[in-house]
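1. need a 3D model of the sequence below.
(one chain, ligands or ions: 2)
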Amino acid sequence: MPLFIVRHQHDAEHCPAKDPAMGAMLLGHMSRPNVARHGLKIQGEAVVRGAHTMFFIAEAADESLVEAFVAPFRQAGSVDVMAASTCAGVVASGGCAAPLPALGDVPALDPETACQDAIDAGLVVHRAHPLNGETSVPQLLGGVIMPNARFYVRNHFQIPNLDAAGYRLNVGGRVERTLSLSYRELRQMPSQTTLATLECAGNGRVWFDPPIPGEQWDIGAVSTAEWTGVPLVDILDRAGIAAGAQEVLFRGADGGSLEDVPTPIRYERSLRIDDARNSGALLAYLMNGEPLPIHHGFPLRLIVPSWYAVASVKWLTEIELIDRVFTGHYQTDKYWYEFERDGRDVREPVNLLQVRSLITEPGPDAEIEGGDVTIRGVAWSGVAPIARVEVSAGGDWHEARLIGEPSRKAWQRWELVTRLDRRGPTTLRARATDRAGRIQPEHAEWNRLGYGNNSVQQIAVQIT
Ligand SMILES: Nc1nc2c(c(=O)[nH]1)N[C@H]1C(S)=C(S)[C@@H](COP(=O)(O)O)O[C@H]1N2
Ligand SMILES: [Mo]
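-> Ligands and ions are numbered 1, 2, ... in the order given. Next comes the predicted model:
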């Protein structure tokens, strides 16, 4: 049976053992029959004298039983439940660090099924394992929201198959109170609903020249949905940010081994505390009104509006307040622009979405009857709402009409009706400018890992 080590700590004023009635309750709770009623077997317990710290070692079929048993201790102070092994178990599996990451006990979705679902929904699958697929431009048609099944999917590891009943969001580190919230508790907290565009930083990578290794995304690694969940600030306020905290670290349930990293890792990203508080971030459990699909992070994911989607950690199981700048793989080794400027290397972190527009109609290579032609698309920027979209059909730029709410969290639709009389091949282009004055470049600056390609898109059509 799985083994756990539990640590309970409280401060001196709240020592339950000082009060005889509380003390008796504690002994009753820890008594072997009561422990057995909770489905646990305690192998031993001890209190560190003078330190207000108790440890016990327990066996239980799963962590949720331990969590249920320790619930009363959380009222007196903090509780940490740590998955453990016997010494023999650790030696047999190749050392303390070995079994931890690769999804641990988390079951993964069958890669074949996951891939088939994506193909059936019409995604263009770039890689089956881990699953990576983009949405295709014609499917962006018909407004602002991408149906869940057609939303692009970007994964670094296998897809964890988490179960809502046993799920916990653990909040710890430099906090005043550690939290361990169940799916039900999260769903009962006040919620917020936000329209937000997620775009992979590698979207458009295939158009960089010279070519860049990595997922060869065309322009479909971007989609928009309506997300519902608990505002991240509410959770941070409930836990209380303790002195010395500098960043908020988000850890997904997924992980594994990578060629260029010495030990297995989990998917982790951090935000500075001010970004965590001010970005409008949500801990989302609904996507377009439905429970988060498993590919997109069920049961809970972070959504950081206006940021490249690398920040929006899926299958979120832990939030840790840390007293340092986080240097994990996906924070430090990847997701940086590495430009070569005048023979010098310039490095900038990938964070807010670059200004960008896409033409959704007509599609590439379409044959269009000459005369009044409607050109439609979407435009977005994480820095400021869109100020203007201009469209060219080989000649002058014409300003398109923006439709709907200006927002820096979600893309906005645009439309232009223009006269195209000259028959033959024609190139359509659209270029967006945001209210911060940033304009899409003709050619985005090449960078070593191929991020943020917001070059003006060109679509070849035939006027008949
Ligand atoms: N846990 C976890 N979260 C993750 C990732 C991941 O691999 N694991 N990929 C990130 C990246 S790079 C992107 S672009 C988005 C993709 O979200 P989606 O698959 O819902 O479109 O999730 C982000 N969050
Ligand atoms: Mo991404």
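
2. quick check: D275 vs ligand 1, distance?
-> Distance, D275 to ligand 1, by CB to the nearest ligand atom, to the nearest Å: 16 Å. For glycine as for every other residue, the C-beta is placed from the backbone atoms N, C-alpha and C.

3. just the element for that residue, please.
-> helix 273-278 (DSSP states H and E).

4. next one: the helix or strand that that helix is followed by to chain centre, how far?
-> Using DSSP H and E, the helix or strand that follows helix 273-278 in sequence is strand 282-287. Taking CA atoms, centre = their mean, to the nearest Å, one finds strand 282-287 lying 10 Å from the centre of the chain it belongs to.

5. what pLDDT does L402 get?
-> With respect to pLDDT, L402 scores 98.

6. let me know whether it touches W414 as I believe.
-> Yes. Taking CB atoms under 8 Å as the definition, L402 is a contact partner of W414 at 5.3 Å.

7. three-state assignment of K41?
-> Using DSSP: H, G, I helix; E, B strand; the rest coil, the structure places K41 in strand.

8. check contacts around it.
-> M1, V35, A58, E59, A60 (CB atoms under 8 Å, 6 or more residues apart in numbering).

9. of those, buried ones?
-> V35, A58, E59, A60 (16 or more other CB atoms under 10 Å).

10. let me know the pLDDT of the second one.
-> Which is A58. 94.

11. which helix or strand contains it?
-> strand 53-60.

12. now the first one
-> Under DSSP H and E, the secondary-structure element containing V35 is helix 32-37.

13. and that helix, what does it pack onto?
-> Applying 3 or more CB pairs under 8 Å, 6 or more residues apart in numbering; DSSP states H and E, one finds that helix 32-37 makes contact with strand 40-48.

14. tell me which residues in the strand it packs on are buried?
-> Using 16+ other CB under 10 Å as the test for burial, strand 40-48 gives L40, I42.

15. how about the strands in the stretch 351-464 of the chain?
-> Using DSSP state E, counting those that start in this stretch, the strands of the stretch 351-464 of the chain run over residues 356-361, 367-368, 371-380, 386-392, 397-399, 401-403, 412-420, 424-434, 457-463.

16. follow-up on the earlier one: any idea which of the contacts of K41 is closest to ligand 1?
-> Nearest to ligand 1 among these, counting by CB to the nearest ligand atom, is A60 at 26.2 Å.

17. these two touch, right, the closest one and L40?
-> Yes. Between A60 and L40 there is a contact under CB under 8 Å: 4.8 Å.

18. overlap of the contact sets of those two?
-> In contact with both A60 and L40: V66, F69, using CB under 8 Å, 6+ apart.

19. what distance separates the start and the end of stretch 298-318?
-> Using CA to CA, to the nearest Å, one end of stretch 298-318 lies 14 Å from the other.

20. could you do stretch 377-395 as well?
-> 19 Å.

21. now swap in stretch 336-350 and tell me
-> Termini of stretch 336-350 sit 5 Å apart (CA to CA).

22. got the buried residues for stretch 223-233?
-> S223, T224, A225, E226, W227, T228, G229, V230, P231, L232.

23. inside strands: which ones of the residues you listed?
-> Mapping the buried residues of stretch 223-233 onto strands (DSSP state E) picks out S223, T224, A225, E226, W227, T228, G229, V230, P231.

24. dump the buried residues of stretch 223-233 to CSV, plus pLDDT and distance to ligand 2.
-> Shown next, in CSV, are these (pLDDT from 0 to 100; distance: CB to the ion, whole Å):
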residue, pLDDT, distance to ligand 2
S223, 96, 12
T224, 95, 15
A225, 94, 15
E226, 95, 20
W227, 97, 17
T228, 96, 22
G229, 98, 20
V230, 98, 23
P231, 98, 23
L232, 98, 20
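
25. list just the nearest of the residues you listed to ligand 1.
-> S223 (6.5 Å).

26. and this structure, which residues reach ligand 2?
-> R154, C200, V310 (CB under 5 Å from the ion).

27. check these against ligand 1, which are close?
-> Restricting the residues of the chain next to ligand 2 to those near ligand 1 by CB under 6 Å from any ligand atom leaves R154, C200, V310.

28. for the first one, give its distance to E199.
-> By that I understand R154. 10 Å (CB to CB, to the nearest Å).

29. what do the two both touch?
-> A221, A309.

30. re earlier: mind putting the ones next to ligand 1 among the residues of the chain next to ligand 2 into CSV with pLDDT?
-> Below are those laid out as CSV (pLDDT from 0 to 100):
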residue, pLDDT
R154, 97
C200, 98
V310, 98
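
31. among the residues you listed, name the ones in strands.
-> R154.

32. filter the ones next to ligand 1 among the residues of the chain next to ligand 2 down to the buried ones, PyMOL style.
-> The buried residues among these can be selected in PyMOL (16+ other CB under 10 Å) with this line:
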select buried, resi 154+200+310
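
33. looking at the ones next to ligand 1 among the residues of the chain next to ligand 2, which one is closest to A84?
-> V310 (32.2 Å; CB to CB).

34. hang on, that closest one packs against G328?
-> No. With contact defined as CB under 8 Å, V310 does not reach G328; the gap is 11.8 Å.

35. give me the common contacts of these two.
-> By CB under 8 Å, 6+ apart, the residues touching both V310 and G328 are R269.

36. find me the pLDDT at D333, would you?
-> For D333, pLDDT reads 96.

37. tell me where this structure has helices.
-> 20-30, 32-37, 63-76, 87-92, 111-120, 183-188, 232-239, 273-278 (DSSP state H).

38. by mean pLDDT, show me the worst of these.
-> helix 87-92 (a mean of 56).

39. which residues touch stretch 121-141?
-> Outside stretch 121-141, the residues touching it (CB under 8 Å, 6+ apart) are 111-112, 114-115, 118-119, 146, 149-159, 215-223, 295, 358-361, 363-364, 378.

40. and if you look at stretch 257-269?
-> By CB under 8 Å, 6+ apart, stretch 257-269 touches 97-98, 100-102, 156-157, 249-256, 310-311, 313-315, 326, 328-331, 333.
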